[in-house]
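Enquirer: Turn this into a structure:
(4 chains, ligands or ions: 4)
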There are 2 protein chains.
Amino acid sequence: MSKTTAADLIDRLERAGIRPSAQRVAIAGYVLATSEHPSADEVWQRVKTDFPMVSRATVYNTLQLFTEHGLLRQLVLAEGCVVFDPHVAPHHHFVDDVTGRIEDIPWSALRVGKVDQLEGVDVREYMVVVRGRRTRG
Amino acid sequence: MSKTTAADLIDRLERAGIRPSAQRVAIAGYVLATSEHPSADEVWQRVKTDFPMVSRATVYNTLQLFTEHGLLRQLVLAEGCVVFDPHVAPHHHFVDDVTGRIEDIPWSALRVGKVDQLEGVDVREYMVVVRGRRTRG
DNA sequence: TGCTCTATTTAGACTATGTCTAAATATCGG
DNA sequence: CCGATATTTAGACATAGTCTAAATAGAGCA
Ligand SMILES: [Mn+2]
Ligand SMILES: [Mn+2]
Ligand SMILES: [Zn+2]
Ligand SMILES: [Zn+2]
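Expert: Ligands and ions are numbered 1, 2, ... in the order given. Okay, here's the model as predicted:
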């Protein structure tokens, strides 16, 4: 039953090399503990209930700061930002960190196992998303 | 060397149950042949070079129509639409089709093979993205 | 303590992009 | 051709990410 106290949060921010301002502690109190995978604006809405005067820019900047210091990851999974792919058969994707370009990986080029053993889900589709850099090729 | 002709495109649209208006054929001529994984606005910009008067609404509606008829897939992979995850260790994700909720799948729950055999890429990270519905559980 | 420099926060403008509407246009069946 | 339907259009609207200049808060030092 270890509840995350303000002192715990301050400690964590300081160990990450981040000065623990009141705003940053409030943001950390939500976003470092959630399992909700919130968008930046969702974090803003949520933090405002405890800290009404926090600005949108502070929340965005703080999330970026936490990410740079390894306390958060950014996942490109939010609905509403889609790209279109005329290749409708199952395949995987590679996203180039440098250019942002999305490339196809043939289904047979990777092997994914144990998907059918997932509990409590009715799987419609799945794919591997690989991120990195292109080398010579 | 089979170039996609307008007649081919019209045929494909008709077989999909879509009336082949001039705008739809112009949009199809780009988006059904590309390997670029474009966003809707990128499709709009591109199609406008050949068909300057096409409206944004038509492009968005047409992409939706093509998707509903199985000619396109929508991929949630575009940079700029991120969610934040305090769980920074490698893991996979399940996205609920009904609620949009993103849930963690432990790294050990799935098995991914042959990633190290990908040619021409320096892999920084990868994950499986599973989409579907929650059942009882 | 009070001063000065720096880090941080703020409001709000700005941009980009997805959505919606009502009117105009094109196409179809008869 | 005519009336009905399908499609397209311009532009308003909404949402969310970015940027800026000014205000505030905090740290280091006299
Ligand atoms: Mn998590
Ligand atoms: Mn493709
Ligand atoms: Zn693809
Ligand atoms: Zn996660």
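Enquirer: Tell me how far stretch A:101-120 lies from the chain's centre.
Expert: 20 Å (C-alpha atoms, centre = their mean, to the nearest Å).
Enquirer: And chain A, what are its domain boundaries?
Expert: Per the record, chain A has its domains at A:6-85, A:91-132, by automatic domain parsing.
Enquirer: so which of those gets nearest DNA strand D?
Expert: Proximity to DNA strand D (C-beta to the nearest atom of the strand) singles out domain A:6-85 among the domains of chain A, at 3.5 Å. All C-beta spots, glycine's among them, are computed from the backbone N, C-alpha and C.
Enquirer: Any part of the closest one near ligand 3?
Expert: Yes. Using C-beta under 5 Å from the ion, domain A:6-85 reaches ligand 3 at A:Asp85.
Enquirer: for that domain, how far is the first residue from the last?
Expert: 46 Å (C-alpha to C-alpha, to the nearest Å).
Enquirer: Please name every helix or strand in contact with the host helix or strand of A:Thr49.
Expert: Assigned by DSSP states H and E, A:Thr49 belongs to helix A:40-50. Using 3 or more C-beta pairs under 8 Å, 6 or more residues apart in numbering or on different chains; DSSP states H and E, the elements in contact with helix A:40-50 are helix A:22-31, helix A:56-68.
Enquirer: Contacts (any at all) between DNA strand C and the first one?
Expert: So the one you mean is helix A:22-31. Yes. Using C-beta under 7 Å from any atom of the strand, we find that helix A:22-31 touches DNA strand C at A:22-24.
Enquirer: how far does that helix sit from the chain's center?
Expert: 17 Å.
Enquirer: picking up where we left off before, buried residues in the helix holding A:Thr49?
Expert: For helix A:40-50, a neighbour-count test (16 or more other C-beta atoms under 10 Å in any protein chain shown) marks A:40, A:42-44, A:46-47 as buried.
Enquirer: And the strands in chain A, which stretches?
Expert: Listed in chain order, the strands of chain A (DSSP state E) span A:73-75, A:83-85, A:92-96, A:102-105, A:111-113, A:121-134.
Enquirer: Highest average neighbour count across the ones you listed: which stretch is it?
Expert: Comparing these by mean neighbour count (mean count of other C-beta atoms under 10 Å in any protein chain shown), strand A:83-85 ranks first with a mean of 22.
Enquirer: Check whether it comes into contact with chain B.
Expert: Yes. Judged by C-beta under 8 Å from any C-beta of the partner chain, strand A:83-85 comes into contact with chain B at A:83-85.
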